[in-house]
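1. fold the following for me, if possible:
(chains A and B)
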Amino acid sequence: AQSVAQPEDQVNVAEGNPLTVKCTYSVSGNPYLFWYVQYPNRGLQFLLKYITGDNLVKGSYGFEAEFNKSQTSFHLKKPSALVSDSALYFCAVRDSILTGGGNKLTFGTGTQLKVEL
Amino acid sequence: DSGVTQTPKHLITATGQRVTLRCSPRSGDLSVYWYQQSLDQGLQFLIQYYNGEERAKGNILERFSAQQFPDLHSELNLSSLELGDSALYFCASSVEGSPLHFGNGTRLTVT
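-> Just a heads-up that it's a prediction; the model follows:
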């Protein structure tokens, strides 16, 4: 079964500093990976995805993610954090219709990002 | 705004009762997904429908059922409710191969 792991429950970073939110994956076949963000009392918002191609994927709000096949990782990064980036971040992997998983996403446990002044 | 509409936003009910959660997908999206988010279980996939037919099933209890109607809106029915069913229930929609777009959820409180 496809799965992702987010090893950190919380990440704290000072505003203006670079941030990294970690994600590792376990898949059979090619990985289709995603990052979503959730603000309080809101649904999940799509940030970026990796399907194939460049290992550095650029997304919304200045976020990017680095796909590393040898380390089976897909870490979310931003060069300069903002207080407004404080939210809950989810890594996800997409199942394949071919394996009977429909097209659903399986999410990690989430990482709470706190950006402080 | 994701374009996915969920109603109601909040629902408070008693144990043993039955409720229906409604989801209207984004225009043109044929797939609807239901997820449950709770503090102890995280985000759990419940079920997916594609153009009216069930496509994938996850950790959905037998007390729960869903359907997708010809106009593509979907309903999630939860019956014989227990305290542990209290959670945020999200609906998402997508076109084939594209990212899922989530609604703002229905917060269910079972007392």
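
2. could you use CA atoms for every contact and neighbour count after this?
-> OK.

3. what pLDDT does whichever residue of chain B sits closest to chain A get?
-> Nearest residue of chain B to chain A, counting by Cα to the nearest Cα: residue B:104, 4.1 Å away. As predicted, residue B:104 sits at a pLDDT of 95.

4. that one contacts residue A:42, correct?
-> Yes: with contact defined as Cα atoms under 8 Å, residue B:104 reaches residue A:42; the gap is 4.8 Å.

5. quick one, which of those two is more surrounded?
-> residue B:104 (24 against 14; other Cα atoms under 10 Å in any protein chain shown).

6. and the more buried one, what is it in contact with?
-> For residue B:104, the contact set (Cα atoms under 8 Å, 6 or more residues apart in numbering or on different chains) comprises A:41-44, B:4-6, B:9, B:90.

7. who in chain B is up against chain A?
-> B:2, B:33, B:42-45, B:48, B:55-56, B:90, B:96-97, B:99-105 (Cα under 8 Å from any Cα of the partner chain).

8. list only buried entries from these.
-> Buried by 16 or more other Cα atoms under 10 Å in any protein chain shown: B:2, B:33, B:43-45, B:48, B:55-56, B:90, B:99-105, out of these.

9. in chain B, where is pLDDT below threshold?
-> Low-confidence segments of chain B (pLDDT under 70): none present.

10. so which residue is smack in the middle of chain B?
-> residue B:34 (3.5 Å; Cα atoms, centre = their mean).

11. got the contact list for that residue?
-> Per Cα under 8 Å, 6+ apart, neighbours of residue B:34: B:45-48, B:76, B:89-92.
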